[in-house]
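Participant: Kindly generate the corresponding structure for this input.
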Amino acid sequence: MHELSIALSIIELALEEAGKANARAITQVDVEIGTLAGVETEALLFAWDSVTQGTLARSAPLKIHSVEAMANCFQCGKTFPVDHFFSQCPHCGSFRYDITRGRELRIKSLLVE
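Facilitator: Down below sits the predicted model:
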C-alpha cells in the first residue's frame with residue numbers, strides 16, 4: 001500500500017510549509033492526482049486519517065482533485081483523453097503518443113490558520 005507513504009510525504013510537506021507560515025493549524029489540503037498516477041484515492045484518504053493524528057492537520061480534510069489523462073498523438077497531432085497506458089488514438093488508430101497530463105501527484109493548495 002504505497003498510499004501510506006504518499007500520505008506521509010504530503011503531511012511532511014504540509015507541516016513544513018505550515019511551520020514556515022507560523023500556522024497554528026492546517027485546515028485543508030488540496031491535491032491533484034492524475035487518473036494514470038496509480039493512486040487508489042480511497043486508500044489514500046484512509047491513510048490520511050492515520051498520518052494526521054496528533055499533528056497540526058488532525059482535522060484537515062484531504063481534498064482530491066482528479067486530473068483527466070490526455071495524450072498528444074505523434075501520428076496525426078491530435079490531443080485526446082486516455083483511459084490507460086495502452087490506449088489507441090481515436091482519430092488515426094496509432095499507439096504512438098505522448099501522455100501530456102494525468103500522471104501528476106502534487107499538492108495544489110494548503111489552507112492554514
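Participant: Would you point out which residue is most central in this protein?
Facilitator: For the chain, Ile33 is the residue whose C-alpha lies nearest the centre (CA atoms, centre = their mean; 2.3 Å).
Participant: Could you say which helix or strand holds that residue?
Facilitator: Element membership for Ile33 (DSSP states H and E) is strand 26-34.
Participant: Number of residues surrounding the closest residue to Phe80 other than its chain neighbours?
Facilitator: Residue nearest to Phe80 in three dimensions, not counting chain neighbours: Pro90, with 5.5 Å by CB to CB, 6 or more residues apart in numbering. For glycine as for every other residue, the C-beta is placed from the backbone atoms N, C-alpha and C. For Pro90, the count of nearby residues is 11 (other CB atoms under 10 Å).
Participant: Same question for the one 3 residues further on.
Facilitator: Around Gly93 sit 10 other residues, with neighbours defined as other CB under 10 Å.
Participant: Also the one 4 residues further on?
Facilitator: One way to gauge burial is a neighbour count; for Tyr97, by other CB under 10 Å, it gives 21.
Participant: Residue ranges in this protein under the pLDDT threshold?
Facilitator: 1 (pLDDT under 70).
Participant: can you give me the strands for it?
Facilitator: Secondary structure of the chain (DSSP state E): strands located at 26-34, 62-67, 70-73, 79-81, 97-101, 105-112.
Participant: So which of these is nearest Leu45?
Facilitator: Minimum separation from Leu45 across these (CB to CB) falls at strand 62-67, 6.1 Å.
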